[in-house]
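>>> dropping a prediction and its sequence here:
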Amino acid sequence: MATFTRGASASIGSPSGAPAPVSIYTVPATKKSVITGLTVANTTPFELPISVWIDNSGTLYYLAKDLRIPPGGSQRLTGSEKMVLLAGDIVKADGPQVTTGAPSFTAVVSVYEDV
């Protein structure tokens, strides 16, 4: 039975010399999901770039590549269109870390799961 669910991460950002993408949402095995909303927010006082993509068994499909978000700003990456995800697809994100050990971005994805 299809249900609404949410994926979120409050810890996006890695050192420039050691990229460490964060998984925001993973489609369960044997399921399909539809992204109904995806928003990222910059939690720093600096304008920074973020990349968000879907990892499909190692093939990357970018939703945003080095999208610059103003200090304290947010950006919705889905408009009125919906995105279908297949079993095993992973929504990931990464951006620069300004302060060691402190995240630079947060992200929330709304999903209609098991469609």
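Done, it's in.
>>> from now on I want contacts and neighbour counts done on CA atoms only, so please keep to that.
Will do.
>>> show me the shaky parts of this protein.
Nowhere does the chain drop to pLDDT under 70.
>>> can you map out the strands along the protein?
3-12, 22-26, 33-42, 48-56, 59-69, 74-76, 83-85, 90-94, 105-113 (DSSP state E).
>>> mean neighbour count added to those strands, as JSON lines?
Below are the strands of the chain laid out as JSON lines (neighbours: other CA atoms under 10 Å):
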{"stretch": "strand 3-12", "mean neighbour count": "16"}
{"stretch": "strand 22-26", "mean neighbour count": "20"}
{"stretch": "strand 33-42", "mean neighbour count": "20"}
{"stretch": "strand 48-56", "mean neighbour count": "19"}
{"stretch": "strand 59-69", "mean neighbour count": "15"}
{"stretch": "strand 74-76", "mean neighbour count": "15"}
{"stretch": "strand 83-85", "mean neighbour count": "16"}
{"stretch": "strand 90-94", "mean neighbour count": "24"}
{"stretch": "strand 105-113", "mean neighbour count": "21"}
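>>> and T100, how close does it get to V22?
16 Å (CA to CA, to the nearest Å).
>>> repeat that for T106.
Distance, T106 to V22, by CA to CA: 10 Å.
>>> what touches both of the two?
Taking CA atoms under 8 Å, 6 or more residues apart in numbering as the criterion, T106 and V22 both touch 9, 11-12.
>>> which of these sits closest to E81?
Distance to E81 across the shared contacts of T106 and V22 (CA to CA) is lowest for S9, with 22.5 Å.
>>> for that closest one, list the residues it contacts.
Contacts here follow CA under 8 Å, 6+ apart; on that basis S9 touches 22-24, 106-108.
>>> nearest to V40, of the residues you listed?
Closest to V40 out of the contacts of S9 is A107 (4.3 Å), distances taken as CA to CA.
>>> for that closest one, name its beta-bridge partners.
On the basis of DSSP bridges, A107 is bridged to S9, V40.
>>> was I right to think G72 contacts N42?
Yes. Here G72 lies in contact with N42, judged by CA atoms under 8 Å, at a distance of 5.1 Å.
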